[in-house]
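>>> this one's sequence-less:
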Ligand SMILES: Cc1ncc(COP(=O)(O)O)c(C=O)c1O
Ligand SMILES: Cc1ncc(COP(=O)(O)O)c(C=O)c1O
């Protein structure tokens, strides 16, 4: 059956051609994806029927809110194939999830222990480790990238040494779209007894994840990039690992007993969820996961492969344009970055905005990768399953015009 | 002009008598307040018209989202009377805001320096300091409470000594409703050169705050307790203080430059907002602040005083009931806790739930205060301006029945 | 939810079988319900792997008190394995399933708690405290 | 938004007045736009409190390049105070207000940027870098 992109688009109020009084070709999904009506409805329903604090009160609204929050946790456990719902920690986002690991897992490390990330990383998966290094004398190292913008696997034996305790790497690059060869990474980490964290921010929108099959230890991602609300993310952690980690934030809900002198802490996941959690957001994120699951995964994948090919082909035909990252469809997701000789990404994006084409230009919070490619920024198109050929064609046409104008 | 509580109630979909097929007397506002349609509309409008990531892209949706986020910051700055919008840091909630101070301000402290909180505090304003004590050798001390459940001001000179660097105290108790005498506290803190943090979680729903007049240094509160969304809170901090504090969470948006080896950090408030912020939630919180401001403050205050008096009077007439906290209307907010001889708070709440009266029973995340009063928990009614005399009367009637049943 | 507070449950809580502390020698375990601050202390004296004497201090709601009382009624000769089986039956009841044959008849009063998830921990706390006491005995 | 990229602005950027580095002795300041990674380096040599020579390296968008070029055109004899006044005029323009009389006429090309908040920093970056260079000179 053909993938019915029009039917998908119709579920997104913001894509309504009449919504803005101008066209919208939204190709900035890597930054934030749009929200389908089903997710919005779940949030509205929660706020107008089941809103209350969770776990604290016994009245019927609190019971309903707690049930909704627990079900959201179950849904996210199913989405990543966790061993149980207790392995799901709700955070305020992917960044917060990685910071949680940097503090709580980081507290188990000793000076001289090593954390390995890569040149491909988003700042969210670099800065927390820099801060840990400063705080605790942990040493950070980076896996270099190939000319194609992939992890340089040949370098693994050199970078991942005997003092390595954690390898923290992106699952899919937010700049190049490259998918990490997780098996190779896990093998190298396991060989020295290190744990593995995957930053799944860019992978999560593209269908369910199988952390068991991936064989990793932590998996972090955000709601807003997978069609869910802002202000919510998930840290999945292997149960026995979470159990060994001290808490990060302190507050209500994460304690067993508090006196004036000391605090004792609850079991995971509560230990890591201090204060009132993002309840309505968790409900929305779970609705987003269910919405993604409701789509035919294979058809969606094929649809996005086709659009990616159309885009790469178009760029290939343009002088002055250099794709930053893989130019093929193998082991990649629909994120495409490019540099234009003599034109700055922000100027390109600004001009394309006139045609309603929403792109992102800049360093994409990945300055080390920019440095590796010798650019200060790129222009990026990142696709979601509601994009269609018209979006790609508008981008290509607008880009052609823009280049002629800027590099005249 | 009389306060039109019916008109206020009509703005809250969840209070619609037809919504649940049973009555709802929602008196658990101290845990989470309900959301008026205006706030919900602001969030829906944002998600369906202006949804995008902020500060990162230059297309028109990103411009609109950034503008909305900036305006939300302006609105919150106005709500607390900050010196400027740059003094407003959006966090995921009050708990996260206090943890931010415990880490970032805490990083400036030396072993042996002292942080003073009080026996009145919510765990959110105790546990972060316990954790700081463990992390950094900082010494914590607590201001005791009077029999009425207020700060024991007579003890200030003893507790706030020359090594005290921060006094972190609740503005309004979530258990007793007592309002802190901030002037006395600030005077005692200033005398030794200490800074003052107020936990405003319970104060914020009751109208604009004037941090300048209060003369404090930090002010923390949550969106969901002031009719706004979950997953959002505000830390207001004095500009020159924020400027001196190192960042807490690391990630995108809070840097000036990242290399593989090191990171340099942006100015406040960005320095403290790592990753994609809770954008739609900030928009909602700002809408909530504006909604509160739109209500006649004096009339609302008088309305709540009247209801509080009605409740205190009713409880006063009941044998076996002891009010935990002030029994008068002076310097208090509409939060009333009580203990019933021979009846457990959870059983009371459960039975009252049969009458649709939503209360909260338990330790209210204030175990040290419970210990001070010699109880493991209390039953609490916390009022918002949509409550009416019917709510109070349902509580009193149900309580009477419940006590007879449980203590027969 | 009136059926939650049926007369049988209130009576059982009021009866307070086994309330108090044991003299030494004893093994003890104290467990908190972090959400409400409730606290149950179980004291036991063992004869081999069987309970010879049991007492409990249950600072808690009537649901939890009733659970402690039920345990106390059946404490004589109880083993850790038998306790685990009873907790299994409780968990089945709380899921709305049948407890299966051969379990303490009094457990039935907890059936209405199934609908109220926030109170499940109240029923389970005394069982878990006794479990902990068995563990402490084994460790010592 | 086509008026943002009016011919005058594109020409100014392309002219790239003052592009390059000064030989020593010089004072330098480098500023980043953290949101896009753009970077401006301003080199100056002072004669008293006035600019005797100026050069800049502007790795940035055309908006920022144009701003650097405008500064370079007017650099000779510029003081820190005069620069502050020009930045004040820029800020007025970006708020959609009038710049006031007596300011560099070329600033007018930045008027359409007012509507696009995310690009305000692009116009301001070279001004702030030069400000920082003046400060560095004073400190040394
Ligand atoms: C006085 C006080 N402080 C802090 C908090 C914590 O707020 P939140 O759970 O929204 O982070 C609360 C709410 O429970 C409170 O009542
Ligand atoms: C690969 C990657 N990691 C982490 C993040 C951070 O996610 P968030 O900003 O939602 O915390 C992003 C998104 O910007 C990303 O693309």
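That came through, no problem. This one's a predicted model, so the numbers in the text were calculated from it and none came from an experiment. Numbers count the residues shown, from 1 in each chain, chains lettered A, B, ... in the order given. Ligands and ions are numbered 1, 2, ... in the order given.
>>> pLDDT score for the one residue sitting closest to the centre of chain A?
Centroid-nearest residue in chain A: residue A:201, 0.7 Å away (criterion: Cα atoms, centre = their mean). pLDDT, residue A:201: 98.
>>> the closest residue to residue C:119 other than its chain neighbours and residue C:101, how far apart?
Nearest residue to residue C:119 in three dimensions, chain neighbours excluded: residue C:113, at 5.2 Å (Cβ to Cβ, 6 or more residues apart in numbering or on different chains). In short, each C-beta sits where N, CA and C put it, glycine included. When Cβ to Cβ, to the nearest Å is the yardstick, residue C:113 and residue C:101 sit 21 Å from each other.
>>> who's more crowded, those two?
Neighbour count, other Cβ atoms under 10 Å in any protein chain shown: between residue C:113 and residue C:101, residue C:113 has more, with 25 against 6.
>>> now what about stretch A:43-50, what contacts it?
Residues outside stretch A:43-50 that contact it (Cβ atoms under 8 Å, 6 or more residues apart in numbering or on different chains): A:61, A:64-65, A:68, A:229, A:279-281, A:283-284, A:287, B:13-14, B:19-20, B:35, B:40, B:43-44, B:229.
>>> the same query, at a cut-off of 7 Å, please.
Stretch A:43-50 is contacted from outside by A:61, A:64-65, A:68, A:229, A:280, A:283-284, B:13-14, B:19, B:35, B:40, B:44, using Cβ atoms under 7 Å, 6 or more residues apart in numbering or on different chains.
>>> number of nearby residues for the closest residue to chain C within chain A?
With Cβ to the nearest Cβ, the shortest gap between chain A and chain C falls at residue A:256, namely 4.4 Å. Neighbour count for residue A:256, taken as other Cβ under 10 Å: 17.
>>> gap between the residue nearest to the centre of chain A and residue D:85?
When distance is defined by Cβ to Cβ, residue A:201 is 45 Å away from residue D:85.
>>> got it, and residue C:130?
80 Å.
>>> same question, residue A:113
In terms of Cβ to Cβ, residue A:113 sits 54 Å off from residue D:85.
>>> name the residue in those two with the higher neighbour count.
residue A:113 (18 against 15).
>>> verify the stated contact: that one with residue A:163.
Yes - counting by Cβ atoms under 7 Å, residue A:163 is a contact partner of residue A:113 at 5.7 Å.
>>> between these two, what contacts are shared?
With the criterion set as Cβ under 7 Å, 6+ apart, the contacts of residue A:113 and residue A:163 do not overlap.
>>> picking that back up, of the contacts of stretch A:43-50, the lowest pLDDT goes to which?
residue B:19 (89).
>>> what is the burial count for that residue?
13.
>>> ok, now which ones touch it?
Counting by Cβ under 7 Å, 6+ apart, residue B:19 has contacts A:49, B:13.
>>> neighbouring contacts of stretch A:151-160?
So stretch A:151-160 is contacted by A:116, A:118, A:120, A:141, A:143-146, A:167, A:169, A:180-181, A:184, A:188-189, A:192, A:194 (Cβ under 7 Å, 6+ apart).
>>> same check on stretch A:167-175?
Here stretch A:167-175 makes contact (Cβ under 7 Å, 6+ apart) with A:30, A:115-118, A:120-122, A:125, A:129, A:143, A:149, A:151, A:160, A:179-180, A:185, A:189, A:194, A:196-203, A:324-325, A:333, A:335, A:337, A:364, A:366, A:369, A:378, A:380.
>>> the residues you listed in strands, which ones?
A:115-118, A:143, A:196-199, A:324, A:335, A:337, A:378, A:380 (DSSP state E).
>>> I'd like those residues as TSV, with neighbour count and distance to residue A:98 appended.
Shown next, in TSV, are the ones in strands among the contacts of stretch A:167-175 (neighbours: other Cβ atoms under 10 Å in any protein chain shown; distance: Cβ to Cβ, whole Å):
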residue	neighbour count	distance to residue A:98
A:115	27	11
A:116	26	14
A:117	26	10
A:118	28	14
A:143	23	17
A:196	21	13
A:197	27	7
A:198	27	10
A:199	30	7
A:324	24	24
A:335	23	19
A:337	30	22
A:378	27	23
A:380	27	21
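>>> setting aside sequence neighbours, what's the nearest residue to residue A:83?
residue A:239 (6.0 Å).
>>> how close does the one you found get to chain B?
23 Å (Cβ to the nearest Cβ, to the nearest Å).
>>> show the pLDDT at that residue.
Value listed for residue A:239 in the pLDDT field: 98.
>>> ok, it to ligand 1 distance?
Using Cβ to the nearest ligand atom, to the nearest Å, residue A:239 is found at 26 Å from ligand 1.
>>> correct me, but that residue touches residue A:88?
No - here residue A:239 lies out of contact with residue A:88, judged by Cβ under 7 Å, at a distance of 10.5 Å.
>>> any weak-confidence spans in chain C?
C:1-2 (pLDDT under 70).
>>> list the contacts of whichever residue of it sits closest to ligand 1.
Among all residues of chain C, residue C:35 sits closest to ligand 1, at 12.9 Å; criterion: Cβ to the nearest ligand atom. Going by Cβ under 7 Å, 6+ apart, residue C:35 touches A:55-56, B:362, C:121.
>>> burial count for the closest residue to chain D within the stretch 201-350 of chain A?
Nearest residue of the stretch 201-350 of chain A to chain D, counting by Cβ to the nearest Cβ: residue A:344, 3.9 Å away. By the measure other Cβ under 10 Å, the count of residues near residue A:344 is 27.
>>> excluding chain neighbours, give the residue nearest to it in space.
Per Cβ to Cβ, 6+ apart, closest to residue A:344 is residue D:61, 3.9 Å.
>>> got a list of what that neighbour touches?
So residue D:61 contacts A:344, A:346-347, D:38, D:122 (Cβ under 7 Å, 6+ apart).
>>> now with 6 Å, please.
Residues near residue D:61 by Cβ atoms under 6 Å, 6 or more residues apart in numbering or on different chains: A:344, A:346-347, D:122.
>>> and residue A:79, by the same measure?
Counting by Cβ under 6 Å, 6+ apart, residue A:79 has contacts A:208, A:289.
>>> cheers, nothing more for now.
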